[in-house]
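Chemist: I would like the atomic coordinates for the input below:
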Amino acid sequence: MIANNDALNPIGIASIIYRTAIEPEKNNPNHSEFGYGVLNAFSAVKEAESKAGKTEKVIVKLIDPENMKEVKVMETDASSDYNFELENIQEGNYRIHAGYDIDGDKKCEKGEYWGKYTGKGEVFFVSKGQKLDNIVISLDLMTSGSSCPKEGS
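Modeler: Prediction:
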């Protein structure tokens, strides 16, 4: 995979391996022994090659906890050290959801890494002109058995 795309990082590699794995048949008696599935090396290498030269984005969503609607969707990537700025945001309480958007659709999906800010009760107050530093969001691989952070959660 890296020979075909030396820009891949560990998250990108894991995500590609997961998404290209062949799911075992449900009626297979050894189904539980396969974990996420059977490695499909050919497909993983081909997908890595197809993504060469493309920078995958981290999507950051600001959520209004009152009505659970997206207030702002921002993109960031490695070229900016994954930093983002909150501009033109009204003062108030917010939630942050973020994810490593592999396919560029700005949605949390199986095979991608997503999470939400969980410090200080999951909601934080933004005041006018405030600079937010060191917001840490733990990302988890979204599998068929996991649920994406949704508006309202």
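Chemist: if you go through this protein in chain order, where are the helices?
Modeler: Under the criterion DSSP state H, helices of the chain are mapped to 10-20, 41-50.
Chemist: nearest residue to Ile17 other than its sequence neighbours?
Modeler: Ala44 (5.4 Å; C-beta to C-beta, 6 or more residues apart in numbering). The C-beta positions use only the backbone N, C-alpha and C, and glycine is treated the same way.
Chemist: Count the neighbours of that neighbour for me.
Modeler: 19 (other C-beta atoms under 10 Å).
Chemist: ok, now which ones touch Glu85?
Modeler: By C-beta atoms under 8 Å, 6 or more residues apart in numbering, Glu85 lies in contact with Met74.
Chemist: care to break this structure down by domain?
Modeler: The chain breaks down into these domains under automatic domain parsing: 10-50, 57-141.
Chemist: quick one: terminal-to-terminal distance for the longest one?
Modeler: For domain 57-141, the first-to-last residue distance is 16 Å (C-alpha to C-alpha, to the nearest Å).
Chemist: Ok, the shortest one next?
Modeler: When the termini of domain 10-50 are compared using C-alpha to C-alpha, they are 17 Å apart.
Chemist: How far away from the center of its chain is it?
Modeler: Centroid displacement of domain 10-50 relative to its chain, using C-alpha atoms, centre = their mean, to the nearest Å, is 18 Å.
Chemist: same deal with the longest one?
Modeler: In terms of C-alpha atoms, centre = their mean, the gap separating the centre of domain 57-141 from the centre of its chain is 10 Å.
Chemist: re earlier: tell me which residues touch the residue nearest to Ile17, please.
Modeler: Taking C-beta under 8 Å, 6+ apart, we find Ala44 in contact with 1, 16-17, 20.
Chemist: Mind naming the longest strand for this protein?
Modeler: Taking DSSP state E as the criterion, the chain has its longest strand at strand 92-101.
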